[in-house]
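Visitor: Give me a model of this one.
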Amino acid sequence: QVQLQESGPGLVSPSQTLSLTCTVSGASITASDDHWSWIRHPPGKELEWMGGQVHDGGTYYNPSLKSRTSISRDTSKNQFSLQLRSVTPEDTGVYYCVAGASWADFGSWGQGTQVIVSS
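Guide: Predicted coordinates for the structure are as follows:
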């Protein structure tokens, strides 16, 4: 069974770059047919899909965040990462890495990591 674990700083200053990494075990991010996503949950708002990658490295973004978001991977470590540039307090929330069979299927979730954007 696939397991995911987010890591990264919990506090980011406004205008800086938020960087998170997801370490995957139980499945290979290159061999599996799974879709590997980043999803966030701002306080008082709905879950928001930010973007993700498929096994061949193809990368897809939420159009509303595309200009500020980059998703990459380190296949030697079976990890994929998120960078969100020029953050504001509105980017505060819990960030999850997620695996699923499609962009509409989010079957496996990391435990989530709280990120606060504040000076």
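Visitor: got a list of what the residue most central in space within the chain touches?
Guide: Central residue of the chain (Cα atoms, centre = their mean): residue 38, 2.6 Å from the mean position. Residues near residue 38 by Cβ atoms under 8 Å, 6 or more residues apart in numbering: 20, 22, 49, 50, 51, 52, 71, 82, 95, 96, 97, 98. Heads up, the C-betas are built off the backbone N, CA and C, glycines and all.
Visitor: mind running it again at 7 Å?
Guide: By Cβ atoms under 7 Å, 6 or more residues apart in numbering, the residues touching residue 38 are 50, 51, 52, 71, 82, 95, 97.
Visitor: With residue 50 instead?
Guide: Taking Cβ under 7 Å, 6+ apart, one finds 38, 39, 40, 62, 65, 69, 82 in contact with residue 50.
Visitor: Count the residues that sit near residue 62.
Guide: 16 (other Cβ atoms under 10 Å).
Visitor: quick one: it and residue 47 touch, right?
Guide: No - Residue 62 is beyond contact range of residue 47, at 11.5 Å (criterion: Cβ atoms under 7 Å).
Visitor: Per-residue pLDDT of the closest residue to residue 93 other than its chain neighbours, please?
Guide: Excluding the flanking residues, the one nearest residue 93 by Cβ to Cβ, 6 or more residues apart in numbering is residue 42, at 3.9 Å. Listed pLDDT for residue 42 reads 97.
Visitor: count of neighbours near residue 42?
Guide: 16.
Visitor: try residue 6
Guide: 21.
Visitor: can you pull the pLDDT of it?
Guide: The model reports residue 6 with a pLDDT of 98.
Visitor: What is the subsequent helix or strand relative to the helix or strand hosting it?
Guide: Assignment of secondary structure by DSSP states H and E places residue 6 within strand 3-7. Following strand 3-7 in sequence order, the next helix or strand is strand 11-12 (DSSP H and E).
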